[in-house]
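Student: Provided below for reference: sequence and predicted model.
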Amino acid sequence: MKPRIPNPELTNRQSLMRALPLAFILAFGIHHSTHAHPADQSEMRVRPKLNQLEIRLTFNILTLTRFTGIDTDGDAKISMAELAAAQPRIATYLNQHIQVEINQQKAMLGSGVRFEPVWPNPAQTPPMTELEYAARNVDVTFVQSIEGKVLEDFWLGFEIFEQTGPMQTVHAIFEQDGRNEDVTFSVQEPEYLYDTGYADDPFVQDAEKKKSAQSAQALENAPMPPATAAEQPFAAPVAQIATSIDGSAATIATAPLNTPGVKLASSIDSTAPPVTPSTERWWMIRAAVIMLMLVVGRKMQLSARARLVSTRRRPRPR
């Protein structure tokens, strides 16, 4: 009997078929390992307003344990008391590792912070095991007030990835004027600059000018303190100094102490001509036309801002 000679082509084909499943498993494993696990995904919601910035961060307890130690008794469980005791350390860590600039000035996330567990009945929660850490989320909310200024832009830079690992991502939603914008922070893209557009909004500028004028008018109309009897014979013109919104000093009043105050509102003059019905109708028509023009202009301005959204929100230049 002649010995059987193997077919080289068939042997190569069988070897290839055996290798394909192994190659598929390896390729799938490598591809899957380059994507973040759900436990490494955090959320952030940012609400910029005219004079306020609210940032709400949502982390699971597993991520919080990478920021600071929470299990203080070392029993591999975290109780609600341990989580509450760790809140100041977590707030300090976030203020130190999430950089903030408001109107191109260095700032903080906020001095006040609010923690809220987002699972049912957190107060009755028994000590949580390590298997539960990734499934329990906590909201950490910071509110920053901008006194005397308009929130024109702000920059956020994350420096948490050294502790959390390179797979960590923070999915952020910026909410402003009914529009949402998605931004993802990662070790490759850790920072973002957001322009609110308030600096170019004519309605905002008019409102701020009116607010400044009202503040100055209130200071001007404020009554001056009465002088004592000893001071009156030597009374001289006195000026009150007030600080305006931009920090500069301005002289408000220069009336002598012994002179009566000036009334800005005068009594109705009986000799003034009466207002006729036709005059009233004319002023009502003018007021209606002005209101209509303001509404139309506001809609046009908002639509222009919506078209410019992609150019106003941009990465921070390096």
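Tutor: That came through, no problem. Remember, predicted model here, so these are calculated numbers, not experimental data.

Student: Tell me where the stretch 1-150 of the chain has strands.
Tutor: Listed in chain order, the strands of the stretch 1-150 of the chain (DSSP state E, counting those that start in this stretch) span 41-49, 52-60, 77-78, 98-102, 105-107, 113-117, 128-129, 137-145.

Student: List the neighbouring strands of the last one plus their orientation.
Tutor: The pairing partners recorded for strand 137-145 under DSSP bridges are strand 52-60 (antiparallel), strand 113-117 (antiparallel).

Student: would you list those strands in CSV and tack on mean neighbour count, distance to Ser186 and mean pLDDT?
Tutor: All C-beta atoms are positioned from the backbone trio N, CA, C, and that covers glycine. Below are these laid out as CSV (neighbours: other CB atoms under 10 Å; distance: least, CB to CB, whole Å; pLDDT from 0 to 100):
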stretch, mean neighbour count, distance to Ser186, mean pLDDT
strand 52-60, 20, 15, 97
strand 113-117, 15, 24, 96
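
Student: give me the number of residues near Val163?
Tutor: Actually, residue 163 is Gln rather than Val. For Gln163, the count of nearby residues is 14 (other CB atoms under 10 Å).

Student: mind checking the SS state of it?
Tutor: Following DSSP: H, G, I helix; E, B strand; the rest coil, the label given to Gln163 is helix.

Student: what residues are up against the nearest residue to it once chain neighbours are set aside?
Tutor: Spatial nearest neighbour of Gln163, chain neighbours left out: Arg66 (4.8 Å); criterion: CB to CB, 6 or more residues apart in numbering. By CB atoms under 8 Å, 6 or more residues apart in numbering, the contact set of Arg66 is 163-165.

Student: quick revisit: let me know which of the strands paired with strand 137-145 is the nearest to Thr72.
Tutor: Among the strands paired with strand 137-145, the nearest to Thr72 by CB to CB is strand 113-117 (17.0 Å).

Student: what about dumping the CA coordinates of the closest one to CSV?
Tutor: The C-alpha trace of strand 113-117 is given here as CSV (Å, rounded to 0.1, in the frame of the first residue of the first chain):
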residue,chain,number,x,y,z
VAL,A,113,-21.0,72.0,47.8
ARG,A,114,-24.0,69.7,48.0
PHE,A,115,-23.8,65.9,48.0
GLU,A,116,-26.9,63.8,47.0
PRO,A,117,-26.9,60.0,46.7
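
Student: between the contacts of Arg66, which is nearest Ala134?
Tutor: The shortest gap between Ala134 and any of the contacts of Arg66 belongs to Thr164, at 12.5 Å (CB to CB).

Student: Please report the distance of the closest one from Ala86.
Tutor: Counting by CB to CB, to the nearest Å, the gap from Thr164 to Ala86 is 16 Å.

Student: same deal with Phe158?
Tutor: Using CB to CB, Phe158 is found at 20 Å from Ala86.

Student: again, but for Thr92
Tutor: In this view, Thr92 and Ala86 are 10 Å apart by CB to CB.
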